[in-house]
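> Output the structure for:
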Amino acid sequence: MKEAALARQLVSARLEELAALKEKLEQISTGLEMIMKAQLEVEALIEEREEHGYELSKTVKDEDVTLSRMETLSFGMLLELLVNKLSNDK
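Numbers count the residues shown, from 1 in each chain. Next up, the predicted model:
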């Protein structure tokens, strides 16, 4: 009789352990979904900013501003170059 009760307790403990593992797996899946969503948002933002950067580089066709130099300039500096270029084109 004691062996049967012990076997039931072992099975019950194993099932509880499996339920806890399933819950942890669901939490991990939820976390991964949040990370993937954030990754997609950042990728979209990078793509959008790259497109704007390429448009800006097409607009600013100053011989003194090479692509490698433009990559190191801040957005504010690029904006100032663009404003100066556009005001000189008038």
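> residue closest to the middle of the protein?
In the chain, the C-alpha closest to the average C-alpha coordinate belongs to Gln39, at a distance of 2.4 Å (CA atoms, centre = their mean).
> Name the helix or strand for that residue, please.
Using DSSP states H and E, Gln39 maps to helix 2-59.
> ok now that helix, how far from the chain's centre?
How far helix 2-59 lies from its chain's middle: 14 Å, per CA atoms, centre = their mean, to the nearest Å.
> ok, back up a step: quick one: contacts for the residue nearest to the centre of the chain?
With contact set as CB atoms under 8 Å, 6 or more residues apart in numbering, Gln39 has no partners. Where C-beta positions appear, they are placed from N, C-alpha and C, glycine not excepted.
> helices and strands of the protein: which one bottoms out on pLDDT?
Ranking every helix and strand in the chain by mean pLDDT, DSSP states H and E puts helix 67-72 at the bottom, with a mean of 57.
> Could you pull up the mean pLDDT of the helix or strand following that one?
Where DSSP H and E defines the elements, the next helix or strand beyond helix 67-72 is helix 75-88. Averaged across helix 75-88, pLDDT comes to 77.
> And helix 75-88, what does it pack against?
Judged by 3 or more CB pairs under 8 Å, 6 or more residues apart in numbering; DSSP states H and E, the packing partners of helix 75-88 are helix 2-59.
> If I take the helix it packs on and helix 75-88, what angle do their directions form?
30 degrees (axes from the mean of the first three to the mean of the last three CA atoms, to 10 degrees).
> Quick one: mean pLDDT for helix 2-59?
Averaging pLDDT along helix 2-59 gives 90.
> For Val83, give its distance to Glu48.
21 Å (CB to CB, to the nearest Å).
> Then Gln27?
Distance of Gln27 to Glu48, given as CB to CB: 32 Å.
> cool, Ala19 as well?
For Ala19, the distance to Glu48 - CB to CB - is 44 Å.
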